[in-house]
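**Q** fold the following.
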Amino acid sequence: ELVITAWKGYFEILKKDLADSVGQVSFTADIWSNGLHCPYLGITAHWIKKDGNGCLTLESALLAFHRL
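**A** Numbering: from 1, shown residues only. Down below sits the predicted model:
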């Protein structure tokens, strides 16, 4: 339950960061397998963020990670 609570807090911060992004948000997906040929899927978001000093930084966050 502690992990779920932490994830919900992280997700709320992530939603705000994505809403405040400069420009558009891009998504990438990657599928790979481990040594035992078990497939996994990862989905990542990428966006530009303007900090308090007006500097632009590239941000990214893992949105999903699943064993298929």
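
**Q** who's in contact with the residue positioned nearest the centre of the chain?
**A** Nearest to the mean C-alpha position of the chain, counting by Cα atoms, centre = their mean, stands A61 at 2.3 Å. By Cβ atoms under 8 Å, 6 or more residues apart in numbering, the contact set of A61 is 14, 17, 44-45. For the C-beta atoms, the positions are set from N, CA and C on the backbone; glycine is no exception.

**Q** do V22 as well
**A** Counting by Cβ under 8 Å, 6+ apart, V22 has contacts 47-50, 56.

**Q** now the helix or strand hosting T28, how far from the centre of its chain.
**A** According to DSSP states H and E, T28 maps onto strand 22-33. Strand 22-33 has its C-alpha centroid displaced from the chain centroid by 8 Å (Cα atoms, centre = their mean, to the nearest Å).

**Q** can you check stretch 17-27 too?
**A** On Cα atoms, centre = their mean, the centre of stretch 17-27 falls 11 Å from that of its chain.

**Q** residues of it that come out buried?
**A** S21 (16 or more other Cβ atoms under 10 Å).

**Q** of the contacts of A61, which is the nearest to Q24?
**A** Comparing those against Q24 with Cβ to Cβ places A45 closest, at 10.7 Å.

**Q** ok, now how distant is the closest one from L68?
**A** A45 is 20 Å from L68, where distance means Cβ to Cβ, to the nearest Å.

**Q** the two - which one has more neighbours?
**A** Ranked by neighbour count (other Cβ atoms under 10 Å), A45 and L68 place A45 first, with 18 against 8.

**Q** that one touches S60, doesn't it?
**A** Yes. Under the criterion of Cβ atoms under 8 Å, A45 makes contact with S60 at 6.6 Å.
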